[in-house]
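Asker: based on what follows, work out the 3D shape:
(2 chains)
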Amino acid sequence: SQKIEQNSEALNIQEGKTATLTCNYTNYSPAYLQWYRQDPGRGPVFLLLIRENEKEKRKERLKVTFDTTLKQSLFHITASQPADSATYLCTWGGSGNTGKLIFGQGTTLQVKP
Amino acid sequence: GAGVSQSPSNKVTEKGKDVELRCDPISGHTALYWYRQSLGQGLEFLIYFQGNSAPDKSGLPSDRFSAERTGGSVSTLTIQRTQQEDSAVYLCASSFDRGVNNEQFFGPGTRLTVL
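Answerer: You can find the predicted model right below:
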C-alpha cells in the first residue's frame, strides 16, 4: 500500500540549532509533497509544497528537499526557536487528482531555550 | 470569513446516539475535505466535496458515516449510532480548487468523545 512514514519519536534540539525531520514514502512516486505544521488543539497549517522536479525549496528559515531516488523528503528549520515547537506533518496528494491528502503520523519537534 | 470554522468545538455523546458536525469553509473555496485524527494516529481522509457533489467518499469507515454539502458552502458530517471507536478529532479543510497545487486550509476541528 502507499505509505508515508515519519519518525514518530519526538525530536528535541537546542535553540539556534538546525532541526531536520525525515519523511519516507514507499510503493508510489508522488508528484509532490507538502509539509504542514500542527499545534496542539489546532488544525494543520500549510508550510511548503515541493514538486518531484524540484530538488529543494526554501521559505525564510525553512528548507525542504525531495530525493526521488531515496524516496525521501527532508524538512529543515535553521536557527530554530522555541516557537518552532510543534508537530510537523508530511503529506502527499494521493492518486486521482482530488487533492485529498495522505498524511504521515507527524514528528513532534521540541526546541529548548 | 477569516478562515475555516467548525462547530461544535467539543461534543460528548453516548454510544448509540447520532451526532452532526458542521464545517464552514472559506468563502469561494470549491473543494472541501473531512479528515479524522484519532489519538496517536495520523490524519485520515474521510470524504471530498467539489461543489455540492462528493466524488470521493472512499475514506468513510462505515455506512454510519455520511456527509452533505449545500450551496457549495457549509458541510455537515453525520455519524449515526455512534461507537466508542468514533472518538476522535474531526477536521475540515477547504481549498480554492482541487488538485495538487492547492494548499488546504484547516479548521480547528471538533473533538468527539463517545462514552
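
Asker: drop to CA atoms for contacts and neighbour counts, all remaining ones
Answerer: Noted.

Asker: residues in chain A within reach of chain B, list them.
Answerer: Selection of chain A residues close to chain B by CA under 8 Å from any CA of the partner chain yields A:32, A:41-46, A:49, A:93, A:97-106.

Asker: select only the buried ones of those in PyMOL?
Answerer: Those of those that count as buried under 16 or more other CA atoms under 10 Å in any protein chain shown are selected in PyMOL with:
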select buried, chain A and resi 32+43+44+45+46+49+93+98+99+100+101+102+103+104+105+106
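
Asker: of the residues of chain A next to chain B, which belong to strands?
Answerer: A:Y32, A:V45, A:F46, A:L49, A:I102, A:F103 (DSSP state E).

Asker: farthest pair in those residues?
Answerer: Farthest pair in those (CA to CA) is A:Y32 and A:V45. Separation: 17.1 Å.

Asker: any idea what A:I77 is bridged to?
Answerer: Beta-bridge pairing for A:I77 (DSSP bridges): A:A19, A:L62.

Asker: and the one 10 residues further on, by the same measure?
Answerer: Counting by DSSP bridges, A:T87 is bridged to A:Q38, A:T108.

Asker: got a pLDDT number for it?
Answerer: A:T87 is assigned 96 on the pLDDT scale.

Asker: run through the strands of chain B in chain order.
Answerer: Along chain B, counting by DSSP E, strands occupy B:5-7, B:10-13, B:19-24, B:31-37, B:43-50, B:53-56, B:65-69, B:75-79, B:88-95, B:105-106, B:110-114.

Asker: comparing the ones you listed by mean pLDDT, which bottoms out?
Answerer: Comparing mean pLDDT across these, the weakest is strand B:53-56, with a mean of 89.

Asker: list the contacts of that one.
Answerer: Defining contact as CA atoms under 8 Å, 6 or more residues apart in numbering or on different chains, one finds that strand B:53-56 is touched by A:T98, B:I47, B:Y48, B:F49, B:E68, B:R69.

Asker: cool, stretch B:31-50 as well?
Answerer: Stretch B:31-50 has contacts (CA under 8 Å, 6+ apart) with A:98, A:100-106, B:25, B:30, B:51, B:54-61, B:67, B:69, B:72, B:87-98.
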